[in-house]
Every structure is written in C-alpha cells, then in structure tokens.
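got a sequence here, can you model it:
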Amino acid sequence: QQQQQQQLQQGGGWRWRLRHSLLSAVADLRIDELFDIVVDYPDSEQALRELDTCLRETDKREQLISVVTGSYRRRLLHPGANTVDIITQYISSIRALRVLDRSGVVLERVCEPVRRYLRSREDTVRCIVTSLTDDSSSSNELFEELGRAAMGVDADDADDADDDPAQFPDVLPQGEGGGHGQWTPDPVDADPSKTSKSRTSSDVISMLVNVYGSRDLFVNEYRTLLADRLLATPDYDVDREVRTLELLKLRFGEGNLHFCQIMLKDVSDSKRINAYVQSVAGASAELQRTPVSAKILSRLFWPTFRTEELQLHPAVLASLALYGQQFTELKAARKLQWKAHLGSVTLQLDFESRPSRQFTVSPAQATAALHFADRRRWSLDELSETMKVPPAALKRRLAFWVNNAVLREVAADVFETVESEEEVSAAAGAAGTAAAAAVAAAAADDEAQESALTSATEQRTEEMQVYWQYIVGMLTNLDALPVDRIHNMLKMFLMGQTFDCSQQELKAYLDHKVREEALELSGGMYRLKNK
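Numbering: from 1, shown residues only. Model prediction:
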C-alpha cells in the first residue's frame, strides 16, 4: 500500500489528492453512521470493510474513537436505555469492531465507558446470566455462544480460527515466510498495562465476565436464577436446566457449579418422594380435599430465601402435617420445615350463581381466598391478624381478587365475595375508573414476578455487614474518608482474617448505606449522617 501511494504521488499529485479526498469523505460518512452499522452487524459487514480500507489510507483513527464514544454516551449510556439493549450493543461492538481493528485497541477504547456504565447498573449480572441460559429464543446470541463448547469449539480454537490470514488478508503483512507467522506490534495508542492476548480475544462470554473481573458473581447469580426457575416450575421436569448446566460446566468449571447440580438433584428426588407419599397417603380425606405436591430442598445448598410470615389456612396445614408425617416415615430422623410463602396454589372457585373459575396464585393469595370461602365478609385488619400478614402487604394481594371480580370493597378496607353477575356489574361500577383496575393489575404482576430468593447483590450486602462497625469507628475518629482510604484501612485492620472485598464492592456497599441514610456522600468523601 505504501508503494502504491508513492507511485501515485510520483505519477501525479492530483490523483493522489483526489483519492485521499474521496477516501476521507467516505470515512467521515461511515464514521458518522458507525453506531447504526454496529447495530445492524453482521448485515452491515461490507460497510465496515469499506471503512477499514479508508482508515488504512487516512489518519482518522482518533476521529473514529472520539465520534463513536460520543455516540455511545449520547444514545446508549443513559437511564432511559434498557440494560438488555446495552448488553446487545456491547456484544455487537465486540464483533463489529474486530473487523476494523484486529489488535483490539479501538474496541478497548470505545467500549471502556460501556463497561463502566454496565458495572454501575444493578441488573447487569442478572440480564447477562438470563440471556446466557435462555434457550427459548433462536436469536439469543449468548446461548449460541455457550453452545459452541458442546460442539468442541472452545475459546482458544475460536481465536485461532479468527487469526486465519485467509479470512483477513489485509491485516497481517505477507512476507516470504507467510503473514501468519509474523509478529505485529501493538498500535501506539494501546494501553501498556494490558496484554495483547487480552485485547485480541474474541470470546464474547469471557469479555462479559471480565466486565466485573470475577466468575463468582455470575455463578452466584446463576444459582439464584436457577432456584427461581426450579421453584416456579409446576412439575419436576429439569431436563432443560440439566442441559444448560452441562454447558455452563464446560465454560466455568464443574467445581464452581457443584451447588447447582445438587439443586437439580433435589428436584429429581422430590419427584420420587412425592410419588411415594401420594401412593401411601393419597387415600386420606385431608390429601383428597387439599392435594399437596412438595419440592424438598437441601437448605445448605440453596440460596437464601426471603423471609415472609404467613399463617396458612387450617385445611392446608392439615394436609401439610400428613405429608410431613409420611416423609418422616420414609426418611428416618428427618423432618420437613415448610416455607409457607413459597410455591404456587391452583384453586377452583365456585360461586352461588356464577360459573366456576380456576386460578394459579401465590400461597398468600390462596390463603385469603380460602378464608373468604369460610366467611363472606372480612375487614382488612381482622384478616391481617388471622393470616399474620401486614395490612399493606395483604391489601396488595387482595387487589388481585378485586381486579378479577372475585372480591369487592364494600367500605374502606372491608371486602366481601362477589357471588352473582349483578354483583359483578355493581363491583365494576364501584371500581371507578380504569386506572384503579390498572393499579390492581400492576400489583398482581409485581406479586407474580417477585423473586422468592435474595439476589446476589443483596446476599453480598448482608455478608459485608460484618465490616460496618469498623467503618463506623473510622468515620467517628476521622470524620470523612474517601472509599480508597476506607478500603486500605479495612485491609490493615483485618490483616489476620479473610478480607475478599474489592474496592468496587465496598463502594457499592457504602452507596447502599447512603441510600439508607446511615452515611452522607459529599465530594467523594463519606461521613456518618448526623442524627
């Protein structure tokens, strides 16, 4: 290429200037469109090839980095953007910018603000893990990337394939010994603190994991997500989750996912135990009236459950007691500890002069419905005392039944069942506007989507509570400190103990304390909040 340029300059300066002007104009056009080109990749690969050709003969590398970084900040890195969309654009950037710069320097500089912004979002890890394990969509790029391991294509093989000079003839200079065997130095704008191998890796999953720098956070989030899926599954079918787990083992190692394997085994064992209990005690009146199917979990291997008090209906308690008795006979010296607020209940509601209706609801909603089957009218405070549920939380659960015309509010915080079609019409009129129904529906959706487990972030916050007294002592004596100073002092105080808290995790914990109004943050300095 340098020889061609020299020939053009020697043969006619105007030709070289004309070619340079045209390439500059095309480069400016493609650089301004690069955000959309990345979105459309791989359909837009030809446009990237054109830009690559222009960049080789024009000095517009810094312009490209500046313009694209600004486009990302303006169009992507703001609160209105969905986290899933940001992750999708980041994945497309990894693949598209490799076409422009095989050294990975452009990708590193353009996407560094994206990585920082993703770390600041609380739902980033869950969105990545959800996409990584969701095989329901044929267009899920992350799950397809994970499935490559099952076909014997690991990350190293992928990198070697990408280095094939036949694929990218213009990247590696061709010499007598062949371009593939020649060493190419990093560009002058490369970060000297990072190795070439880390920049040139084309393993998308590893680059997403490196956003946080630790696999443990992703493994713990997958445990929580798997637990949510297993608890939400109405039956004991775990074939899909077993397949996903085997793929993750190839990527993250079997030892890191040992707990997940035990969780799947618990569900499989529960199927066998449930069949035994149903065969032995299925003829009893209690289980015929209120059938029970249980998932029996090994407490030490499952994530921490959210605590929620709930007093179940006496008919349900009788069936649970009989089920537990049969389990104890099968498993000597072992006893079930029921999590009353977890699981789901299928109810068939019969009315005086209305068709029967069937619902699948949470235990709290089902318990409220069973109490209304015993007595038509309840006040909120009375039902709250009977169920041992706070009135505000109970009212959100009753909103589901009001929205489905099973209950109506006849007075302030007084509810009764709707038994006839005439009462349904009256209840609809009393509901007021459609906005009230929308609020009730939103409350029902929140109830259905609420996780039964604490998230990985919440678990980590609880674990870091042991450092709180040290932090209080520091800030009491020294008034205000930045996060790096607090982190260094904690490492010094806990030198003889295990201290595995990174500065980023500590900052997230301190920000959590700021939101709880235990600390104040001003100018990067944390201090105790004056009471």
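
pLDDT wise, what is the spatially most central residue of the chain at?
When the chain is reduced to its mean C-alpha position, the nearest residue by C-alpha atoms, centre = their mean turns out to be Arg126, at 1.1 Å. pLDDT for Arg126: 84.

so what pLDDT did the nearest residue to Asp381 once chain neighbours are set aside get?
Leaving aside its chain neighbours, Asp381 sits nearest to Pro391 (6.2 Å; criterion: C-beta to C-beta, 6 or more residues apart in numbering). C-betas here are computed from N, CA, C, even on glycine. What the model reports as pLDDT for Pro391 is 89.

ok, the closest residue to the residue nearest to the centre of the chain other than its chain neighbours to Thr83 distance?
Distances taken as C-beta to C-beta, 6+ apart put Glu221 closest to Arg126, at 5.8 Å, once the chain neighbours are dropped. Per C-beta to C-beta, to the nearest Å, Glu221 is found 13 Å from Thr83.

higher neighbour count, these two?
Shown here are Glu221 and Thr83; by other C-beta atoms under 10 Å, Glu221 has more neighbours (23 against 17).

re the thing from before, from Ala368, how far off is the residue nearest to Asp381?
Using C-beta to C-beta, Pro391 is found at 12 Å from Ala368.

do Ser214 as well
Using C-beta to C-beta, Ser214 is found at 43 Å from Ala368.

comparing those two, which residue is more hemmed in?
Comparing Ser214 with Ala368 by other C-beta under 10 Å, the one with more neighbours is Ala368, at 27 against 15.

about what we covered before: mind pulling up the pLDDT for the residue nearest to Arg126?
On the pLDDT scale, Glu221 gets 84.

helices or strands up against the biggest helix by length in the chain?
Looking across the chain with DSSP state H, the single longest helix is helix 258-281. Judged by 3 or more C-beta pairs under 8 Å, 6 or more residues apart in numbering; DSSP states H and E, helix 258-281 is in contact with helix 215-232, helix 239-252, helix 314-330.

quick one, the shortest one and helix 215-232 angle?
Relative orientation of helix 239-252 versus helix 215-232 (axes from the mean of the first three to the mean of the last three C-alpha atoms, to 10 degrees): 180 degrees.

now do the longest helix of the chain against helix 215-232, angle only.
Relative orientation of helix 258-281 versus helix 215-232 (the same axes, to 10 degrees): 20 degrees.

now the angle from helix 258-281 to helix 314-330?
Counting by the same axes, to 10 degrees, helix 258-281 lies at 100 degrees to helix 314-330.

got the buried residues for helix 258-281?
Residues 259-260, 263-264, 266-267, 270-271, 273-274, 277-278, 281 are the ones in helix 258-281 that count as buried (16 or more other C-beta atoms under 10 Å).

and Arg49, what does it touch?
Arg49 sits next to Val99 when contact means C-beta atoms under 8 Å, 6 or more residues apart in numbering.

look up phi and psi at it.
phi -60, psi -40 (degrees, to the nearest 10).

these two touch, right, the residue nearest to Asp381 and Ser379?
No - using C-beta atoms under 8 Å, Pro391 is not in contact with Ser379; the gap is 9.8 Å.

so what sits against both of those two?
Joint contacts of Pro391 and Ser379 (C-beta under 8 Å, 6+ apart) are Asp413.

just the CA trace of the longest helix of the chain, in CSV.
Extracted in CSV, the C-alpha atoms of helix 258-281 (Å, rounded to 0.1, in the frame of the first residue of the first chain):
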residue,chain,number,x,y,z
HIS,A,258,-21.5,-28.1,42.4
PHE,A,259,-24.3,-26.5,44.4
CYS,A,260,-26.4,-26.1,41.2
GLN,A,261,-26.0,-29.8,40.5
ILE,A,262,-27.3,-30.6,44.0
MET,A,263,-30.3,-28.3,43.5
LEU,A,264,-31.3,-30.2,40.3
LYS,A,265,-30.8,-33.5,42.2
ASP,A,266,-33.2,-32.2,45.0
VAL,A,267,-35.9,-31.6,42.4
SER,A,268,-35.5,-35.0,40.8
ASP,A,269,-35.5,-36.7,44.3
SER,A,270,-38.6,-34.7,45.2
LYS,A,271,-40.5,-36.3,42.3
ARG,A,272,-39.8,-39.7,43.6
ILE,A,273,-40.6,-38.8,47.2
ASN,A,274,-43.9,-37.1,46.2
ALA,A,275,-45.0,-40.2,44.2
TYR,A,276,-44.4,-42.3,47.3
VAL,A,277,-46.3,-40.0,49.6
GLN,A,278,-49.2,-39.8,47.2
SER,A,279,-49.4,-43.6,46.9
VAL,A,280,-49.3,-44.2,50.6
ALA,A,281,-51.4,-41.3,52.0
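
which parts of the chain are strands?
For the chain, applying DSSP state E gives strands covering 345-349, 357-361, 377-379, 407-411, 414-417, 480-481, 519-522, 525-528.

turn those strands into TSV, columns for mean neighbour count, distance to Ile471 and mean pLDDT.
Shown next, in TSV, are these (neighbours: other C-beta atoms under 10 Å; distance: least, C-beta to C-beta, whole Å; pLDDT from 0 to 100):
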stretch	mean neighbour count	distance to Ile471	mean pLDDT
strand 345-349	14	44	89
strand 357-361	14	43	89
strand 377-379	16	46	91
strand 407-411	16	47	87
strand 414-417	18	47	89
strand 480-481	18	9	88
strand 519-522	14	8	87
strand 525-528	17	8	88
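
any idea which of the buried residues of helix 258-281 is least confident?
Lowest pLDDT of those: Ala281, 65.

ok, back up a step: would a markdown table of the buried residues of helix 258-281 with distance to Ser21 be doable?
A markdown table is the format used below for the buried residues of helix 258-281 (distance: C-beta to C-beta, whole Å):
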| residue | distance to Ser21 |
| --- | --- |
| Phe259 | 63 |
| Cys260 | 60 |
| Met263 | 64 |
| Leu264 | 64 |
| Asp266 | 69 |
| Val267 | 67 |
| Ser270 | 72 |
| Lys271 | 72 |
| Ile273 | 78 |
| Asn274 | 76 |
| Val277 | 82 |
| Gln278 | 81 |
| Ala281 | 87 |
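
nearest to Ser93, of these?
Nearest to Ser93 among the buried residues of helix 258-281 is Cys260, at 30.6 Å by C-beta to C-beta.

where in the stretch 51-200 of the chain is pLDDT low?
Along the stretch 51-200 of the chain, the model assigns pLDDT under 70 to residues 136-140, 148-200.

what are the ranges of the helices in it?
Applying DSSP state H, counting those that start in this stretch to the stretch 51-200 of the chain gives helices spanning 61-75, 83-100, 105-120, 124-133, 141-147, 155-162, 196-200.

please name whichever of these is nearest to Ala315.
Between the helices of the stretch 51-200 of the chain, helix 124-133 lies closest to Ala315; by C-beta to C-beta that is 37.3 Å.

quick one: contacts of that closest one?
83-84, 87, 118, 140-143, 146, 205, 208, 211-212, 217-218, 221-222, 225-226, 244, 248, 455-457.

for stretch 411-427, same thing?
For stretch 411-427, the external contacting residues (C-beta under 8 Å, 6+ apart) are 351-354, 372, 376-381, 383, 391, 395, 398, 401-402, 405-410.

mind doing that once more with 10 Å?
Applying C-beta atoms under 10 Å, 6 or more residues apart in numbering, the external contacts of stretch 411-427 come out as 349-355, 368-369, 372-373, 375-384, 391, 394-395, 398, 401-402, 404-410, 428, 430.

in space, what's closest to Asp89 - neighbours in sequence excluded?
Quick fix: residue 89 is Gln, not Asp. Leu76 (5.9 Å).

should've said Thr367
Per C-beta to C-beta, 6+ apart, closest to Thr367 is His313, 5.2 Å.

I'd assumed Gln365 was in contact with the one you found.
No - using C-beta atoms under 10 Å, His313 is not in contact with Gln365; the gap is 11.8 Å.

neighbour count: those two, which is higher?
For His313 and Gln365, the more surrounded residue by other C-beta under 10 Å is Gln365, and the numbers stand at 24 against 20.

from Asp350, how far out is the nearest residue to the more buried one once chain neighbours are set aside?
Of all residues beyond its chain neighbours, the one nearest Gln365 is Arg397 (4.9 Å), with distances taken as C-beta to C-beta, 6+ apart. Separation of Arg397 from Asp350 (C-beta to C-beta): 21 Å.
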